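K.L.:
Coordinates only, no sequence provided:
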């Protein structure tokens, strides 16, 4: 074995002497040789040139920016803001619905199904309706607690004219229902506000 590959030798030779090596050796064909590890290079692709080595130092590389997740407090505040906006929108829609629906309104109510304004007011009685529209195809009465309702049917107009009063001599116009028994027109009623609320609660008769 060539001496240039030998290193330090142990001072104690019991039970065996230990000899250090300066390089990795291998025994081949009866001779000791330095071990060689061969690296097989993969064939390059067509038209693939040599790749340049990266000479940029680690300090010159792009800095790594840490990503901080949204805190729980910020997320909670965002949810509260969104919830407040949703409640506000719902309140506005409810207020508009109440105003237009006759619960708060004091004006005459017209549904989108009406194609013409009815020529009646809260001062008109049965004789006024007959004078303007003529004899109805049918008449019906529905007594209620403290009030009476009279129905005048006009099929060619698709409407029921509704009168209300305490007795047959005090019946006044409060509105009209369409053929599906939905309020089509309503006027102000003394002591009740808009007649739309009365018509909505009125059972079909």
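P.N.:
Good, I have the coordinates. Predicted model, so just to flag it, every value in this text is computed and none were measured.
K.L.:
Return the distance of the helix ranked longest in the chain from the chain's centre.
P.N.:
When the chain is parsed with DSSP state H, its longest helix is helix 72-101. Using Cα atoms, centre = their mean, to the nearest Å, the distance from the centre of helix 72-101 to the centre of the chain it belongs to is 13 Å.
K.L.:
ok, now how distant is the residue most central in space within the chain from residue 79?
P.N.:
Closest to where the C-alpha atoms of the chain average out (Cα atoms, centre = their mean) is residue 86, at 10.2 Å. Distance check for residue 86 against residue 79: by Cβ to Cβ, to the nearest Å, it reads 11 Å. From N, CA and C alone the C-beta is placed, and that goes for glycine too.
K.L.:
just residue 88 next, same as before
P.N.:
Taken as Cβ to Cβ, the span from residue 88 to residue 79 is 15 Å.
K.L.:
Over to residue 150?
P.N.:
Going from residue 150 to residue 79 by Cβ to Cβ gives 56 Å.
K.L.:
Neighbour count for those two, which is higher?
P.N.:
When residue 150 and residue 79 are compared for neighbours, residue 150 comes out ahead with 22 against 10, by other Cβ atoms under 10 Å.
K.L.:
which residues sit in contact with the more buried one?
P.N.:
Residue 150 sits next to 126, 139-142, 162-165, 168, 171 when contact means Cβ atoms under 8 Å, 6 or more residues apart in numbering.
K.L.:
Now, those that are in strands?
P.N.:
Cross-referencing the contacts of residue 150 against strands under DSSP state E gives 139-142, 162-165.
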